[in-house]
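Visitor: task: produce atomic coordinates for the following.
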Amino acid sequence: MPHMVVEVWLYGECARYGNKTNSEGVASLEVRLSAGSTIRDLLDYLLICTHEFDILLVNGQLNTMPHRQLDLNHSLQDGDRVDFLDVQHIRSFSM
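Guide: Down below sits the predicted model:
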């Protein structure tokens, strides 16, 4: 079965799901998934619940934010970058 690799960046509290977290609370990893995988598949792989992040970006494009529906069926492509952020982490950079 064909596979794809997705680059995942985790910020703030979400960083605990990554391999290593830097001093700024950021972690990154490459995830190997089956071709045709979705956001839902990535969440299942990472064991992240939808209430654990506030903003989700796919290749810099907003997929979800507070009060906006998460598109769990969004198909990922080989080489995509997915960022998981929590509001607290964003606030710490804006102060």
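
Visitor: which of the helices or strands spans Glu7?
Guide: For Glu7, the host element (DSSP states H and E) is strand 3-11.

Visitor: tell me which other helices or strands that strand touches.
Guide: Applying 3 or more Cβ pairs under 8 Å, 6 or more residues apart in numbering; DSSP states H and E, one finds that strand 3-11 contacts strand 26-34, helix 39-46, strand 81-85. For the C-beta atoms, the positions are set from N, CA and C on the backbone; glycine is no exception.

Visitor: correct me if wrong: Gly12 contacts Asp86.
Guide: Yes: Gly12 lies in contact with Asp86 (Cβ atoms under 8 Å); the separation is 4.2 Å.

Visitor: higher neighbour count, those two?
Guide: Using other Cβ atoms under 10 Å, the more surrounded residue of Gly12 and Asp86 is Gly12, with 24 against 19.

Visitor: which strands and helices sit next to the host helix or strand of Leu62?
Guide: For Leu62, the host element (DSSP H and E) is strand 61-64. Packing partners of strand 61-64 (3+ Cβ pairs under 8 Å, 6+ apart): strand 55-58.

Visitor: the strand it packs on: how far from the chain's middle?
Guide: Chain-centre distance of strand 55-58: 6 Å, with Cα atoms, centre = their mean, to the nearest Å.

Visitor: name every strand pairing with it and say which way it goes.
Guide: Paired neighbours of strand 55-58 in the sheet (DSSP bridges): strand 61-64 (antiparallel), strand 81-85 (antiparallel).

Visitor: can you redo these as JSON lines with distance to Leu46?
Guide: As requested, the strands paired with strand 55-58 are exported to JSON lines (distance: least, Cβ to Cβ, whole Å):
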{"stretch": "strand 61-64", "distance to Leu46": "15"}
{"stretch": "strand 81-85", "distance to Leu46": "8"}
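
Visitor: among the ones you listed, which gets the worst mean confidence?
Guide: Lowest mean pLDDT of these: strand 61-64, a mean of 86.

Visitor: from the chain's centre, how far out does it sit?
Guide: For strand 61-64, the distance to the chain centre is 10 Å (Cα atoms, centre = their mean).

Visitor: I'd assumed Gly12 was in contact with Ala27.
Guide: No: taking contacts as Cβ under 8 Å, Ala27 lies outside contact range of Gly12: 10.0 Å.
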